[in-house]
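**Q** Sharing a sequence plus its predicted fold:
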Amino acid sequence: MNKRGEREGYGVASFAREGEERGERLVLQMTDRSGKRKEGNALRSLLHFQRYSLFSLLSSLSSFLFIFFLLSCDGTQYEFSSRHSYLVLDNNAHQDPTLASAMTPYSGVFVAITLKNKGGAQYFQFTSNQGQSSESIFNAIDQRRTVLLGMNEGLIVGYSQWSDLTFYAYDRECPNCFNPDVVPIRSKALQMSSTGIATCQSCHRKYDLNSGGIVVDGDKGDKLVRYRAGTTGAYGVLNVN
C-alpha cells in the first residue's frame, strides 16, 4: 500500500474512533448529571461489549464463508449424477427371473441392463454377476415409454449387501475412461464379479458395487456414476431416473 493509501486508511479509522467516542460522551451526558460515575462506567462497558460482540459475529461469519467456499471447490462428487437416465420397467408384466434376482434384498446380485434389436423388435437384455442372463421383448407399454439407459445404453442395478439395504443404479460405463462427447463413441463397459466388484478393462480400476461404486483398487479416480432408483419388489416395478 502506498503512503496515500495509508493516510486514507488512517483517516477512516480515526473518523470511526471519533464517532465511537462521541457516542459514548452522548450516552454519558444523558445519564444523571449528579455524578453517578458507576452508571457511566456501566454504559461504557456495555458499549464495548456490544462492539466486541458485533466484531466476534462478523469474524465467525467470515470464517464460515471461507470454509463453505473451500469445501465447495474441493472437487467433492455429488451423490447422484446430473446426467439423465430414465427407465420404468414392470417386472410383473415381464416376469424375468434375472431382473428379479437383482431386486431381491440380500441376494448379492447385480444385473446389467442393456438393449437389443432382434428381428425388428426391441428387447431388454439382463446379465447378472452370478452368471444368469435372459432377455425380454418390449411390450406395448414399453414401446410408448421413454427408455434412456445412462450414457451409453447400459445400467447396473442391485441391492447393497450391507444392512442399510440401499438399492443402487449405476451407469455401466467406466467414469474415468468413457467420454460420451467423443465421436465415434467408444464403450468402456464394466465387467462384474460375483463378489460385487466391477472392473474396467481399460484402466483396471475396481469399483465396489455394494458401497456406492467407490474405487477400491487401482489409481485414484471418480466413483461410479449413480442414478436415483427404486423398486417395489422382485416382480414389481423398477424405476431409474
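**A** Arrived safely, thanks for sending.
**Q** By mean pLDDT, point me to the weakest helix or strand of the chain.
**A** helix 3-30 (a mean of 46; mean pLDDT, DSSP states H and E).
**Q** what about Val88, which SS state?
**A** Of the three states, Val88 takes strand under DSSP: H, G, I helix; E, B strand; the rest coil.
**Q** and it, what does it touch?
**A** Val88 is in contact with Arg145, Val237, Leu238, Asn239, counting by CB atoms under 8 Å, 6 or more residues apart in numbering. In short, each C-beta sits where N, CA and C put it, glycine included.
**Q** now do Asn179
**A** Contacts of Asn179 (CB under 8 Å, 6+ apart): Arg186.
**Q** May I see the contacts of Val88 organised as TSV, with pLDDT and neighbour count added?
**A** Output for these, formatted as TSV (pLDDT from 0 to 100; neighbours: other CB atoms under 10 Å):
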residue	pLDDT	neighbour count
Arg145	96	13
Val237	98	15
Leu238	98	25
Asn239	97	17
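**Q** Among those residues, name the ones in strands.
**A** Among the contacts of Val88, DSSP state E puts Val237, Leu238, Asn239 in strands.
**Q** Show me which of the contacts of Val88 is closest to Ser194.
**A** Among the contacts of Val88, Leu238 lies closest to Ser194 (CB to CB), at 21.7 Å.
**Q** Tell me if Gly230 really is in a strand.
**A** Yes: assigned with three-state DSSP, Gly230 falls within a strand.
**Q** shift numbering so it begins at 15
**A** Got it, first residue is 15 now, which makes that one Gly244.
**Q** so how far is Cys188 from the closest residue in space to it that isn't next to it in sequence?
**A** Once flanking residues are discounted, Gly244 sits nearest to Asn253: 5.1 Å by CB to CB, 6 or more residues apart in numbering. Distance, Asn253 to Cys188, by CB to CB, to the nearest Å: 25 Å.
**Q** in the protein, which spans are helices?
**A** With DSSP state H, the ranges of helices along the chain come out as 17-44, 51-86, 105-108, 111-116, 154-158.
**Q** which parts of the third one are buried?
**A** Of the residues in helix 105-108, those scored as buried under the neighbour-count criterion (16 or more other CB atoms under 10 Å) are Asn105, His108.
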